[in-house]
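Novice: from the sequence below, what's the structure:
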Amino acid sequence: GKVDRIHVQGISNDISIDEYEIADDYAISLTAINEDPTNSDKWVTDRFFFDADYGATMNFETKNVDIQYENGYYKTFPASINSIGFSANLNFKNRTNREANAIIHFLENHLGQQEKDSTASWLKYSQGISGFRWDGNATFHPYDSIENQTKTFYCTQFNHSLNFEDSNDISLTLFNYDTSILNRAESLFVKSAETYDDSEYYIKDDVVFSDVNNQYYYWHSDASLSGKSPVVKNTEWTRESGLYTDLNKEYWTREFLWKPSLGLNISQQPRMNQIQNKSRYSQLYRNGINESLLEFSVSFNNRSDDEAYAILHFLENHLGYIPFLFSPPPPYETIQNFICKKWNHVYNYKDSHNITATFKQFPFNFEAEDLSNFGTQPLTGPGRLIFTKPVIFASKKNDARLDLSKPFRARMFFENIGGSSITINSISLNTSTSVNFSFLGQVSNDVPMIVKHNLNSEDYTYNLPINSTLPFNLSQQRIKLIDNFTSGPEGGQHFNSVNTDGSVIAKFFQRNDGSIYSYALGESADCEYFIIKKFIQNNKDGVLKPGEVGYVDAVYLAASLDIETLLVDENDNNINYTDSGGTSQGNIVLSRGDGYLTQAFTVSSSDNFSPHEGKLQIYSKT
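Specialist: Model prediction:
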């Protein structure tokens, strides 16, 4: 009995409606066509895309360890690298039976093993509960970031109420367990801030990341200006000024500057010593100093999007154990150090947020600049480059069977284990032999190296070039590379073809022999082009900072070679053979073509021991 107006449109401009049918009482049934569940543009399996109501509550609580000293002094340390706990309480009010069924079915379907992962030929194990993604259409300010959309969430708490026919209420809690505080300079749960730009104009509550000292700064001035750098690196470390000096403090700060809403409740129990004699007389004594440290809850009600983001970012960035300066409401308005181990955020509606936090006084009064410069800087030594050598594509030890008529890829890693940056100037192959190796993405002898620390999520999305060897119509397609490379004959790399808005069209896997597997079609096809080549060309870098790791992908190009004349043994000695088909021992004929194809390469860098020599090896068993 439900009446709706339906708009009918042809699938092309050549199709139109010539006549209109007179309205009658006949029922009309609609069925979607060509919308197979394998179409990831229309169907999803592991993205929670349901849009929650306003009033969602996010809870943060840190798991830190306190060490108590005499006189009320204490220190706080994170219990683990995943010390910040996050949960999101979401409500879905007055939802139809259809939507309620979809939400509950989604949650129930993600409680078992392998709900989206399955055993693959290149994996020798089964994966457990894999969770799901929090889709970009469902996340909200200030958690609407690509980083959050790539995290794994779980839901083990949900409630459903049927109010009346076709009206359902659902409440649920999303959890995340594996966000590491080691990524603090990138993003935890609150979306990351932009790096400071000297030409950018900043306004109140703007947050920037300084790549000078890897710290965040918060604009607290009512003025909007550019060219106000927040920090400068000193020429050398001194006990008085440290290694960095904060600038333009009238604009930028690293202290907690936001004023809480009215309402404060403080209950104090000063730490005292008591002596009592037999006559029940008592004497109280002070138990050292710091006997009455403050602990209270503060609220920030009805704050704008920008202010809420800045407050939440500040609290998250201090990880529940890093102290900050704050002036409590009267009569406690003396500026003191505090730490905040627990806070929560309520998203009331657009541009209106409530934040509640528990502050505990810290028994010192350090400015953020003092904390950063407190430790003596170690003496930095020169850069020192190490890298994989030899780079073994396949070896006799693992008895790999490779078709040497096909290309094959291997990855070698470069690491700077010294104290200063290293510039790699060139990587060149020794051309004295005719073995056909190359480095993906290399032009001349430049450095086709990828340094992950220098990349953003957007860098993994790009358009493939025109290439006739690309199967499944991938030529010129927009793809997103999945950063999960595995080595060896069965290894490779996943990637997705995507729309301009980032939604997935189809999923693929390219093995290290170049062949591409389509999950939608369940088929593999040979390919001579490695899709990571364009990614390397877009993002290659020749500088490694201290402790950084980069990688270079080398390829055996499978050219037509007289392989037997080029084989060497494990010590690089030429293998002698005859044209008699090998030597015989009893009834066993020993192959004359077992050995390695090898080629040397040279790395030139700013390392004091440059140049370095290495070699590429691939095992052949003919």
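Novice: would you list the phi and psi of the most far-flung residue of the chain relative to its centre?
Specialist: Of all residues in the chain, the one whose C-alpha sits farthest from the chain's mean C-alpha position, using C-alpha atoms, centre = their mean, is residue 279 at 67.2 Å. Main-chain torsions, residue 279, degrees, to the nearest 10: phi -80, psi 10.
Novice: also residue 153?
Specialist: Main-chain dihedrals, residue 153, degrees, to the nearest 10: phi -120, psi 160.
Novice: tell me the buried residues in stretch 320-330?
Specialist: Buried residues in stretch 320-330, defined by neighbour count with 16 or more other C-beta atoms under 10 Å: 320-326, 328. Heads up, the C-betas are built off the backbone N, CA and C, glycines and all.
Novice: any idea how far it is from the chain center?
Specialist: 30 Å (C-alpha atoms, centre = their mean, to the nearest Å).
Novice: name whatever forms a beta bridge with residue 511.
Specialist: Applying DSSP bridges to residue 511 gives these bridge partners: residue 492.
Novice: that one: neighbouring residues, count only.
Specialist: 21 (other C-beta atoms under 10 Å).
Novice: same deal with residue 210?
Specialist: Using other C-beta under 10 Å, residue 210 is surrounded by 21 other residues.
Novice: how about residue 463?
Specialist: The tally of other residues near residue 463 (other C-beta under 10 Å) stands at 10.
Novice: ditto for residue 37
Specialist: Counted with other C-beta under 10 Å, the burial measure for residue 37 works out to 9 neighbours.
Novice: repeat that for residue 424.
Specialist: For residue 424, the neighbour count with other C-beta under 10 Å is 25.
Novice: bridging residues for it?
Specialist: residue 605.
Novice: show me where the stretch 451-600 of the chain has its strands.
Specialist: Under the criterion DSSP state E, counting those that start in this stretch, the stretch 451-600 of the chain contains strands at 461-463, 478-481, 492-498, 504-511, 516-518, 523-525, 543-544, 549-556, 583-585, 588-590, 595-605.
Novice: and of these, who's closest to residue 220?
Specialist: Closest approach to residue 220 among the strands of the stretch 451-600 of the chain (C-beta to C-beta): strand 543-544, 34.6 Å.
Novice: so who does the closest residue to residue 308 other than its chain neighbours touch?
Specialist: Once its chain neighbours are removed from consideration, residue 308 has its nearest residue in residue 353; the separation is 3.6 Å (C-beta to C-beta, 6 or more residues apart in numbering). Contact partners of residue 353, counting by C-beta atoms under 8 Å, 6 or more residues apart in numbering, are 300, 302-305, 307-308, 345-347.
Novice: let me know which of the strands of the stretch 451-600 of the chain is the nearest to residue 442.
Specialist: When those are compared (using C-beta to C-beta), the closest one is strand 549-556, at 8.4 Å.
Novice: how about the strand or helix carrying the residue nearest to residue 308, which residues are buried there?
Specialist: Counting by DSSP states H and E, the element that carries residue 353 is strand 352-362. Buried residues in strand 352-362, counting neighbours by 16+ other C-beta under 10 Å, are found at 353-362.
Novice: and for the next helix or strand after it, what's in contact with it?
Specialist: Note on strand 352-362: by DSSP H and E, the next helix or strand toward the C-terminus is helix 368-373. Identification of contacts with helix 368-373 by C-beta under 8 Å, 6+ apart yields 213, 215, 237, 241-246, 254-255, 322-325.
Novice: the helix or strand that helix 368-373 is followed by - contacts with which helices or strands?
Specialist: Towards the C-terminus, the helix or strand next in line after helix 368-373, according to DSSP H and E, is strand 385-387. Packed against strand 385-387 by the contact rule (3 or more C-beta pairs under 8 Å, 6 or more residues apart in numbering; DSSP states H and E) you find strand 408-416, strand 595-605, strand 612-620.
Novice: and these: which comes nearest residue 153?
Specialist: Judged by C-beta to C-beta, the one of these that comes nearest to residue 153 is strand 408-416, at 30.7 Å.
Novice: and that closest one, average pLDDT?
Specialist: The predicted model gives strand 408-416 an average pLDDT of 92.
Novice: ok, stretch 360-368 next?
Specialist: On average, stretch 360-368 scores 91.
Novice: output that stretch as CSV, nothing but the C-alphas.
Specialist: Taking only C-alpha atoms (Å, rounded to 0.1, in the frame of the first residue of the first chain), the coordinates of stretch 360-368 have been written out as CSV:
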residue,chain,number,x,y,z
LYS,A,360,46.2,15.5,37.9
GLN,A,361,48.8,17.9,39.2
PHE,A,362,52.4,17.0,38.5
PRO,A,363,54.9,17.9,41.2
PHE,A,364,57.2,20.0,39.0
ASN,A,365,56.7,23.2,36.9
PHE,A,366,58.3,22.6,33.6
GLU,A,367,57.5,24.5,30.4
ALA,A,368,57.2,22.4,27.3
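Novice: pLDDT below threshold where in the stretch 451-600 of the chain?
Specialist: Under the criterion of pLDDT under 70, the regions of the stretch 451-600 of the chain flagged as low confidence span 558-595.
Novice: at 50 what do you get?
Specialist: Of all residues in the stretch 451-600 of the chain, those with pLDDT under 50 make up the ranges 578-592.
Novice: direction included, what does the strand holding residue 353 pair against?
Specialist: Strands that pair with strand 352-362, judged by DSSP bridges, come out as strand 295-303 (antiparallel), strand 336-349 (antiparallel).
Novice: what mean pLDDT does the longest one have?
Specialist: Across strand 336-349, the average pLDDT comes to 95.
Novice: that strand: how far from the chain's middle?
Specialist: Worked out by C-alpha atoms, centre = their mean, strand 336-349 lies 24 Å from the chain centre.
Novice: still on that earlier bit, switch the strands paired with strand 352-362 over to JSON lines; also include mean neighbour count and distance to residue 479.
Specialist: Listed next are these as JSON lines, based on neighbours: other C-beta atoms under 10 Å; distance: least, C-beta to C-beta, whole Å:
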{"stretch": "strand 295-303", "mean neighbour count": "17", "distance to residue 479": "40"}
{"stretch": "strand 336-349", "mean neighbour count": "20", "distance to residue 479": "34"}
